[in-house]
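In: below are the sequence and a predicted model; questions follow.
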Number of protein chains: 2
Amino acid sequence: MANNYQYCVDLQEVDISQRQAINKIILRVLSTAGRDAQSYGFGVDAMSSNNSTWVLSRLAIELDARPVADDKYSISTWISDFGRVVSTRNFELIKESGELFGAAVSQWCIIDINSRTAIDLNPYRERASKAIEDKPSPIAPPARMGKVTPTKSLEHSAGYCDIDFNGHMNTIRYVELMLDMIPISYLKSNNKMRIDLQFLHESLYGEELMVECEESDGEYLFEIKKQDGTPSVRGSFKFTAQ
Amino acid sequence: MANNYQYCVDLQEVDISQRQAINKIILRVLSTAGRDAQSYGFGVDAMSSNNSTWVLSRLAIELDARPVADDKYSISTWISDFGRVVSTRNFELIKESGELFGAAVSQWCIIDINSRTAIDLNPYRERASKAIEDKPSPIAPPARMGKVTPTKSLEHSAGYCDIDFNGHMNTIRYVELMLDMIPISYLKSNNKMRIDLQFLHESLYGEELMVECEESDGEYLFEIKKQDGTPSVRGSFKFTAQ
């Protein structure tokens, strides 16, 4: 069953275009996933007692518009597919008027906290079945991305404020490193956008990362690599005029 | 009159030591200032209609302990002094048991949004008087700091995710740049800490900043400078064994 979660845009979340910042919207989408999983008893806290945790594998989000300070909106979420290894969770972002302004599709795995390898989702099938709805994903699934041919790059050392309670680089901080390399004119524009993210290998505290960006007209491709060249995250940001 | 604001530590706010991250605690302190000012009708939104806004000039915070995930705590806040140019707002951080675990003192100015210069606080005196309590600051006022003799430094370009709705570098992002340069052993330890911050000149989107750090035993001094050498922020982090 799809559930709805309510949000209100705080002035602190607003970017220089006076709309909710892109990273803050993605944070709300991921929080919604956490809240919904928790409500059905398969949230991060329930999993940790089994020494396992959810890991985001891929995410795609499309935004046609963004709310401004004090705007209220809701995020509707449901699972459309609960496979043996991957669970697909969908999102619709809905204005107070009922109008859709964005949508997202995410793919999650469960890993063993110690070995950091994917485990079978089957033990959680019964609980997850209540969150499943026979409704297709609202947008195309997250793209699989290849290497980039960088036109610019930036070094970043994973610091105290980048990492979560497990010592791994936070999902949103990867997104922020990418956003910071996109010209502000695109981020301030009224263009529609589609973002694809693919999480390949976790980064740990102190790791030296290289953020590589390949820019072409209205399209920004990213690869965040570890020192030995292992890709940590890949991303694609596409902007199209309304 | 002092007012109390309630908080609960979310798992997402917890650092690698499993306690609420230092930057997240400072964010709560600053949010408390905003909420309290708003409740008396002199918050950021009320000021903006007069083309003026609050600017944090200095902050000192002492923490003896930090809460863990799901802990509830409250922040009590009051104004002890409302001068012609500076307002002094105080904070006590209180566990659910009633035990004090931290305290802070902040000094604020009001600036004209366009000219970015300090203006007279007098027009707000009547509203602010309700928030004043005849109770001294709980800790020593924020220190005035000089230049540092850097033992290490880092370049940082103020990006999309660093700036607020005015295009100025966010207070918390300065703190995060400093925290990321302190050895994690200190940030994970059970040491008491005192942090002093002094905000001197605002930084704008795209500015190239140099974060300079002078480290000695248990003490980290910072200066974040603009390209022309103008100091933007100075900070001091002191750790002492319990």
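Out: Ah, there it is. Computed from a prediction, not measured in an experiment: that's the story for all the values here.

In: would you agree A:Arg127 falls within a helix?
Out: Yes. Note on A:Arg127: a helix contains this position according to DSSP: H, G, I helix; E, B strand; the rest coil.

In: burial check on it, number of neighbours?
Out: Neighbours of A:Arg127 under the rule other C-beta atoms under 10 Å in any protein chain shown: 14. (Each C-beta comes from the backbone N, C-alpha and C, glycine too.)

In: show me the contacts for it.
Out: Listed by C-beta atoms under 8 Å, 6 or more residues apart in numbering or on different chains, the contact set of A:Arg127 reads A:Tyr40, A:Gly41, A:Phe42.

In: just the buried members of those?
Out: Buried residues within these, counting neighbours by 16 or more other C-beta atoms under 10 Å in any protein chain shown: A:Tyr40, A:Phe42.

In: list just the nearest of the contacts of A:Arg127 to chain B.
Out: Proximity to chain B was ranked across those by C-beta to the nearest C-beta; first place goes to A:Phe42, at 15.0 Å.

In: show me what from chain A comes close to chain B.
Out: Counting by C-beta under 8 Å from any C-beta of the partner chain, chain A comes close to chain B at A:11-12, A:14-16, A:18, A:21, A:23, A:31, A:44-45, A:69, A:157, A:159-167, A:176, A:179-182, A:184, A:187, A:205-206.

In: just checking, which of those residues belong to helices?
Out: A:Asn23, A:Ser31, A:Val44, A:Asp45, A:Glu176, A:Leu179, A:Ile184, A:Leu187 (DSSP state H).

In: of these, which is the most crowded?
Out: A:Leu179 (25 neighbours).

In: distance from stretch A:134-152 to the middle of the chain?
Out: 12 Å (C-alpha atoms, centre = their mean, to the nearest Å).

In: spatially nearest residue to A:Glu202, not counting backbone neighbours?
Out: Of all residues not flanking A:Glu202 in the chain, A:His168 sits nearest, at 4.8 Å (C-beta to C-beta, 6 or more residues apart in numbering or on different chains).

In: next up, the contacts around that neighbour.
Out: Taking C-beta under 8 Å, 6+ apart as the definition, contacts of A:His168 comprise A:Glu202, A:Ser203, A:Leu204.

In: tally of neighbours for A:Asn90?
Out: A:Asn90 is surrounded by 22 other residues when neighbours are defined as other C-beta under 10 Å.

In: which SSE is it in?
Out: When secondary structure is defined by DSSP states H and E, A:Asn90 falls within strand A:87-95.

In: starting at the chain centroid, how far to that strand?
Out: Computed by C-alpha atoms, centre = their mean, the separation of strand A:87-95 from the middle of its chain amounts to 11 Å.

In: who touches that strand?
Out: Residues from elsewhere that reach strand A:87-95, judged by C-beta under 8 Å, 6+ apart: A:4, A:25, A:29, A:32-33, A:36, A:61, A:63, A:67, A:71, A:73-82, A:100-109, A:121, A:128, A:135, A:137-138, A:141.

In: and with 6 Å instead?
Out: A:29, A:33, A:73-81, A:100-108, A:137-138 (C-beta atoms under 6 Å, 6 or more residues apart in numbering or on different chains).

In: now a PyMOL select for only the buried ones of those.
Out: Here is the PyMOL command that selects only those of these that count as buried (16+ other C-beta under 10 Å):
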select buried, chain A and resi 29+33+73+74+75+76+77+78+79+80+101+102+103+104+105+106+107+108+137+138
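
In: out of the contacts of strand A:87-95, list just those in helices.
Out: Mapping the contacts of strand A:87-95 onto helices (DSSP H) picks out A:Val29, A:Ala33.

In: all strands of chain A, in order?
Out: For chain A, applying DSSP state E gives strands covering A:3-8, A:52-63, A:72-82, A:87-95, A:100-112, A:118-119, A:152-157, A:192-199, A:208-216, A:219-225, A:231-240.

In: span of stretch A:9-27 from start to end?
Out: Taking C-alpha to C-alpha, to the nearest Å, stretch A:9-27 runs 12 Å from one end to the other.

In: state the mean pLDDT of it.
Out: Along stretch A:9-27, the predicted local confidence has a mean pLDDT of 95.

In: from the residues of chain A next to chain B, which would you call buried?
Out: Applying 16+ other C-beta under 10 Å to the residues of chain A next to chain B flags A:11-12, A:14-16, A:21, A:23, A:44, A:69, A:159-166, A:176, A:179-182, A:184, A:187, A:205 as buried.

In: quick check: the most centrally placed residue in chain A vs A:His156, distance?
Out: Centrality entry for chain A: nearest residue to the mean C-alpha point is A:Leu59, 4.9 Å, by C-alpha atoms, centre = their mean. As for A:Leu59, its distance to A:His156 is 20 Å (criterion: C-beta to C-beta, to the nearest Å).

In: do A:Lys226 as well
Out: A:Lys226 sits 11 Å away from A:His156 when distances are taken as C-beta to C-beta.

In: out of these two, which sits in the busier spot?
Out: When A:Lys226 and A:His156 are compared on other C-beta under 10 Å, the one with more neighbours turns out to be A:His156, at 20 against 17.

In: need the contact list for the more buried one.
Out: When contacts are taken as C-beta under 6 Å, 6+ apart, A:His156 is in contact with A:Leu177, A:Leu209, A:Val211.

In: in this structure the last one contacts A:Leu177, no?
Out: Yes. Using C-beta atoms under 6 Å, A:Val211 is in contact with A:Leu177, at 5.1 Å.

In: where in chain A is the helix or strand with the lowest mean pLDDT?
Out: Least confident helix or strand of chain A, by mean pLDDT, DSSP states H and E, is helix A:44-48 with a mean of 83.

In: what strands line up against the strand holding A:Asn90, and which way round?
Out: Strand A:87-95 has the following sheet partners, assigned by DSSP bridges: strand A:72-82 (antiparallel), strand A:100-112 (antiparallel).
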